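Asker: Build me a model:
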Amino acid sequence: MCLSYFTIMLEIQCPHCDKNIELEDGISGKFDCPYCHNEFIWGNSVKTKQISNHHTNHHEPMPLGFKILFGMIVGLILLVIFGYLFLLMIFDGVWS
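Answerer: Next up, the predicted model:
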């Protein structure tokens, strides 16, 4: 039997730059914003546990260059597959 542990995250806004930051539910303390690097204090209930600010989680969007590169790779793969199917369809009767 396999048990898995799910962490409940909540999303707050940095009081300095208003960017969204994910924090584990039930934590409190001083944190550094990963975007503007300003310090803020967060406490969401009486039953909180203190953690360091290294547990903050933020998601940055993928850079445009990577999006273009991955799009080109997917496009080339599709071109090869459909090109192969097209040639197979055209030359199917030649070698039969």
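Asker: Does the closest residue in space to G43 that isn't next to it in sequence lie in a helix or a strand, and which?
Answerer: Of all residues not flanking G43 in the chain, S28 sits nearest, at 3.5 Å (CB to CB, 6 or more residues apart in numbering). C-beta coordinates here come from the backbone N, C-alpha and C atoms, glycine included. S28 belongs to strand 27-32 when assigned by DSSP states H and E.
Asker: That strand pairs with which strands, and in what direction?
Answerer: Here strand 27-32 has these sheet partners by DSSP bridges: strand 39-43 (antiparallel), strand 49-50 (parallel).
Asker: Just name the most buried of those.
Answerer: Among these, strand 39-43 has the highest mean neighbour count (mean count of other CB atoms under 10 Å), at a mean of 13.
Asker: can you list the residues that contact that strand?
Answerer: Strand 39-43 has contacts (CB atoms under 8 Å, 6 or more residues apart in numbering) with I12, C14, P15, H16, L23, I27, S28, G29, K30, F31, D32, C33.
Asker: from those residues, which would you call buried?
Answerer: Among the contacts of strand 39-43, those classed as buried by 16 or more other CB atoms under 10 Å are C14, L23, I27, S28, F31, C33.
Asker: Reformat these into a markdown table and put distance to Y84 and pLDDT next to each item.
Answerer: Formatted as a markdown table, those follow (distance: CB to CB, whole Å; pLDDT from 0 to 100):
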| residue | distance to Y84 | pLDDT |
| --- | --- | --- |
| C14 | 51 | 87 |
| L23 | 49 | 81 |
| I27 | 53 | 79 |
| S28 | 58 | 78 |
| F31 | 53 | 84 |
| C33 | 50 | 88 |
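Asker: ok, of these, which one's closest to L85?
Answerer: Here the nearest of those to L85, counting by CB to CB, is L23; it sits at 49.6 Å.
Asker: Pretty sure the closest one sits against L10.
Answerer: Yes - using CB atoms under 8 Å, L23 is in contact with L10, at 6.0 Å.
Asker: How far away from the center of its chain is stretch 26-35?
Answerer: Remark: stretch 26-35 is offset 19 Å from the chain centroid, using CA atoms, centre = their mean, to the nearest Å.
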